[in-house]
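[1] Below are the sequence and a predicted model for it; my questions follow.
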Amino acid sequence: MRNTFSLVQGLGAYFLCSAVIYAAGNTAEAQEAPTGFNVQEFRVGVGLSSERWAEDAIATIYGKNGKLFPTLSMSYRFHKYFSIDASAGTGRLTTTNSRNELQLLPVTVGASMLFGNSDREPFVSVGAGFVQFSEKLLPYYTSEYPTMTYGTKLGIDAKAGVRIATSIVPNSTQHPRQPKGASQMDVEIAMGYRTHQAFGLGTGLNLNAFRTSIGFNLRY
């Protein structure tokens, strides 16, 4: 009986010590995690973005009012909850007879508010949305030389989404003198709206667009 009690007492002491050590380790890890402006992180992303424009003339001429195109993004996280961002993409529409061609270059520069943690990071972004466009037109079947139209639309771009961590990039321990690569890869899913002619104001090509995107995000 005494041996059994001693065994139980010993196991209890062992598990208690283990729990204390584990809690201390978690506390130390939480204390070591950077907070506030101590968080410094650079990010690069690639993905696909789908835009659906409000301009009816695009659908009339090109047979559709949306396009899926590649995007490149960069972001600098200077605070635990904030980052500055920039992204750009490119897309082209042509008619079936290739007489008309519309090229678009949307660029967004703004800031994001970040939530969650490194495994799940919801975010909300607001920025200035620029769209550089050019259109080549052959107005008549007898036309030999195209008419070129260029323009830039300035507006506001807002979106919300989430970044989900993956295990594609292993977070392995490196030699202190070895150059450090990417620390994590995320899958990013977002949707938003870009406004150029809000409340019916503005003239010309209406490139207001509902946007959805998916891609990968590397953290450094």
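    Cool, got the structure.

[2] Now do the domain split for the protein, please.
    By the assignment in automatic domain parsing, the chain contains the domains 1-33, 36-219.

[3] Just the helices from this protein, written as ranges.
    Here the chain has its helices, by DSSP state H, at 2-32, 56-62.

[4] if we can go back for a sec, among the domains of the chain, show me which one is buried the most.
    domain 36-219 (a mean of 15; mean count of other Cβ atoms under 10 Å). For the C-beta atoms, the positions are set from N, CA and C on the backbone; glycine is no exception.

[5] S183 contacts N217, correct?
    No. The pair S183 / N217 is not scored as a contact, 11.6 Å apart, by Cβ atoms under 8 Å.

[6] thinking again about what came up before, mean pLDDT for the helices of the chain: which is lowest?
    Lowest mean pLDDT within the helices of the chain: helix 2-32, a mean of 42.

[7] What sits closest to A190 if chain neighbours are left out?
    Using Cβ to Cβ, 6 or more residues apart in numbering and skipping the chain neighbours, the partner closest in space to A190 is G161 (2.8 Å).

[8] Check whether the one you found really touches D186, as I assumed.
    No. Counting by Cβ under 8 Å, D186 is not a contact partner of G161; they are 10.6 Å apart.

[9] from the chain's centre, how far out does stretch 204-220 sit?
    Its chain's C-alpha centre and that of stretch 204-220 lie 8 Å apart, by Cα atoms, centre = their mean, to the nearest Å.

[10] So for it, mean pLDDT?
    92.

[11] Also stretch 79-89?
    Rounded mean pLDDT across stretch 79-89 is 95.

[12] what bridges to the residue nearest the centre of the chain?
    In the chain, the residue lying closest to the centroid (Cα atoms, centre = their mean) is E188, at 5.7 Å. Note on E188: beta-bridge partners by DSSP bridges are R163, G215.

[13] Could you report the pLDDT at it?
    pLDDT at E188 comes out at 97.

[14] So which residues of the chain form strands?
    With DSSP state E as the criterion, the chain has strands at 41-53, 66-79, 82-89, 91-94, 101-114, 120-137, 147-165, 184-195, 209-219.
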